[in-house]
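Engineer: here are the coordinates; sequence isn't available:
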């Protein structure tokens, strides 16, 4: 199984070189491994496309790049800045509340603990795992819709829920690939293994794919 996974990872590394990196990775390229900016970008990305969210992040970070600067913005200012990411009122509230908690409980620094992040209102497993993985280098598996869909299509896991996919991947995916798995599958899911009518004819890993659940493909 390990050689099988290694072949998939190596192939996707090569095949995704031409694709835009996911949002959190793009934030790191532009702003460095700042745990706070990675966290904020993840919260803004919920139910929004990366292509739009990166512009919202840039606009917001021009005004606030620390928890202190974030809470100094009025709610109206914050809502205006994040408006284009969708669900702007909820997101503005979440950004403010998380920033306050980081200031009051963690001395203005994003905690390295996954449990501490999960205890923050508005921070779910996907966000917590991505922050500790990308910002702090701790091996975690971030499972979003792309990771859930493609891991099942490949036949690596057989799960119905995202949380079950995370647990299943922990059991069979070598830890050295935990952090990278999300990045590779997000890029592949956005460009090739799409939710509807995936491009199976273009798929670099089709020799290993069981095409579970695929009824129509291009």
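Structural biologist: On my side now, so go ahead. Computed from a prediction, not measured in an experiment: that's the story for all the values here.
Engineer: which non-adjacent residue is nearest the most centrally placed residue in the chain?
Structural biologist: Most central residue of the chain, judged by C-alpha distance to the mean C-alpha position with C-alpha atoms, centre = their mean, is residue 130 at 5.8 Å. Taking C-beta to C-beta, 6 or more residues apart in numbering as the measure, residue 130 lies nearest to residue 142, with 4.3 Å between them; neighbours along the chain are not counted. C-beta: built from backbone N, CA, C; applies to glycine.
Engineer: if we can go back for a sec, name the helix or strand for the residue nearest to the centre of the chain, please.
Structural biologist: helix 125-136 (DSSP states H and E).
Engineer: That helix - contacts with which helices or strands?
Structural biologist: helix 23-31, helix 35-45, helix 114-118, helix 162-172, helix 178-191 (3 or more C-beta pairs under 8 Å, 6 or more residues apart in numbering; DSSP states H and E).
Engineer: one more time with 6 Å, if that's ok
Structural biologist: For helix 125-136, the elements it packs on are helix 35-45, helix 114-118, judged by 3 or more C-beta pairs under 6 Å, 6 or more residues apart in numbering; DSSP states H and E.
Engineer: which of those helices sits most buried?
Structural biologist: For these, the largest average neighbour count (mean count of other C-beta atoms under 10 Å) is found in helix 35-45, namely a mean of 24.
Engineer: how far does the next helix or strand after it sit from the chain's center?
Structural biologist: Where DSSP H and E defines the elements, the next helix or strand beyond helix 35-45 is helix 50-61. Taking C-alpha atoms, centre = their mean, to the nearest Å, the mean C-alpha location of helix 50-61 is offset from the chain mean by 15 Å.
Engineer: what residues does helix 50-61 touch?
Structural biologist: Counting by C-beta atoms under 6 Å, 6 or more residues apart in numbering, the neighbours of helix 50-61 from elsewhere in the structure are 23, 26, 41, 44, 45, 81, 82, 84, 85.
Engineer: thinking the residue nearest to the centre of the chain is in contact with residue 141, fair?
Structural biologist: No: here residue 130 does not reach residue 141: they are 9.8 Å apart, not a contact under C-beta atoms under 6 Å.
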